[in-house]
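Chemist: Okay, here's the prediction I keep looking at, along with the sequence it came from:
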Amino acid sequence: MSHSNSMPPTLACPGPGFYSAPSRRGFLQAGLAGFASLSLPGLLRLQAQNAIRAGETNKSPRDKNAVIMVWKPGGCSHIDTYDPKPQAELEYRGPFKTINTKVPGLDFTELLPRQAAIADKFTVLRSMRQSAGGHPAGSMQLLSGDPDTRDKPKPKYPDWMSVANYLRSQSPRENPLPGYVGINPPATYNGPAYLGDTYSPFSVTGDPSAPNFSVPNIGLANSREKQRIQRRSDLRASLDTLERTFDQAGELDALDEFETQALTLLTNPKTKEAFDLSREDDRTRDRYGRNSWGQQLLLARRLVEAGVDVLTTSLRGPLCGRVNNWDDHAVN
């Protein structure tokens, strides 16, 4: 990570106030991301059940929660950001000054004054770690709880985002937007694994800050196009005579789900509006930063506000001139 004071600010999702983290041993025994995934999918499932009960009793469900995971390949330096260790020797604590935050006893480095002012709005876990030596295995520990320290080309277990998407899919979804969206997601290290591609994210690629940025295959221009697409879908369904008993990999189910999602994205005007950053006020876009990272985060917020439950986005090059911007062994 560059040590420039012009470093763009990172964003943190709101959460409970700072508290003492569980023991390192307890975290490892539970399995890092596995520990987190136990609570998140359970929360999402309870939300779905609550919404169903609210509909049956004519009561309004509670305000919906959502998760935005901001993935930084390699991870930003803890001593340069949230854990400066001001009492350590100079050669260990890093070059930046320490500042107080709104939470007594919680200090950040001078690079994060805005986050220091709202430190009571999010939680810092300083005991979190992974035991693998390489990025692939370490990332899979964090995302899926896989204890294997050997690097693999693809995950063996589903990540918590796919698990949450699976659990949410067990209840009817009225919102036309996908429940799980990835904006330039960390696709190498995560995935649904044995759950099947049905629970992969709807993937958005490209640079949202580019003037010509658009998400293909969403929103049709007129009703005639919608009718033509629907007729083609009906024809495909009538010709689909494959025996599903031979589909052990669940590929046909995934195709059905993809087709349903594609038709919804094509025919519902709300989907095109949700992905359209040009509808945002220029001042808001400027605050997030007119660069790929800032506009990815703004699009993530916009989609969550429109009804997406889980969203992942990866902050990687070329913003700071490197492919893996956060893999900063050489300068620490």
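Modeler: Good, I have the coordinates. Residues are numbered from 1 along each chain as shown.

Chemist: Next, find the distance separating E174 from N165.
Modeler: 16 Å (C-beta to C-beta, to the nearest Å). (Glycine included, C-beta is placed from N, CA and C.)

Chemist: Tell me which of the two has more neighbours.
Modeler: Neighbours per residue (other C-beta atoms under 10 Å) separate E174 from N165, with N165 holding more: 26 against 7.

Chemist: What residues does that one make contact with?
Modeler: G179, Y180, P192, Y199, P201, D309, V310 (C-beta atoms under 8 Å, 6 or more residues apart in numbering).

Chemist: Tabulate those residues in a markdown table, adding columns for distance to S169 and pLDDT.
Modeler: A markdown table is the format used below for the contacts of N165 (distance: C-beta to C-beta, whole Å; pLDDT from 0 to 100):
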| residue | distance to S169 | pLDDT |
| --- | --- | --- |
| G179 | 7 | 90 |
| Y180 | 9 | 93 |
| P192 | 11 | 93 |
| Y199 | 7 | 90 |
| P201 | 13 | 91 |
| D309 | 10 | 91 |
| V310 | 12 | 94 |
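
Chemist: Show me the two of those residues that sit farthest apart.
Modeler: Farthest pair in the contacts of N165 (C-beta to C-beta) is P192 and D309. Separation: 15.2 Å.

Chemist: and D309, how many residues sit next to it?
Modeler: Counted with other C-beta under 10 Å, residues neighbouring D309 total 25.

Chemist: coming back round to it: if we take the contacts of N165, which one ends up nearest to Y288?
Modeler: Nearest member of these to Y288, counting by C-beta to C-beta, is V310, at 20.4 Å.

Chemist: Just to check, that closest one is in contact with A164?
Modeler: Yes. Here V310 reaches A164: they are 5.2 Å apart, a contact under C-beta atoms under 8 Å.

Chemist: buried set for stretch 175-187?
Modeler: For stretch 175-187, the buried set under the neighbour-count rule, 16 or more other C-beta atoms under 10 Å, comprises N175, P176, L177, P178, G179, Y180, V181, G182, I183, N184, P185, P186.

Chemist: Farthest-apart pair in these, please.
Modeler: By the measure C-beta to C-beta, P176 and P186 form the most distant pair in the buried residues of stretch 175-187, at 26.0 Å.

Chemist: Name the SS class of T313, please.
Modeler: Here T313 is strand, with the state taken from DSSP: H, G, I helix; E, B strand; the rest coil.

Chemist: So it versus D107, what's the distance?
Modeler: From T313 to D107 the distance is 28 Å (C-beta to C-beta).

Chemist: And the average pLDDT for stretch 314-323 is what?
Modeler: The pLDDT scores in stretch 314-323 average 66.

Chemist: Let's have the buried residues of stretch 175-187 in TSV, adding distance to D146.
Modeler: Output for the buried residues of stretch 175-187, formatted as TSV (distance: C-beta to C-beta, whole Å):
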residue	distance to D146
N175	31
P176	34
L177	30
P178	25
G179	23
Y180	20
V181	24
G182	19
I183	24
N184	23
P185	18
P186	15
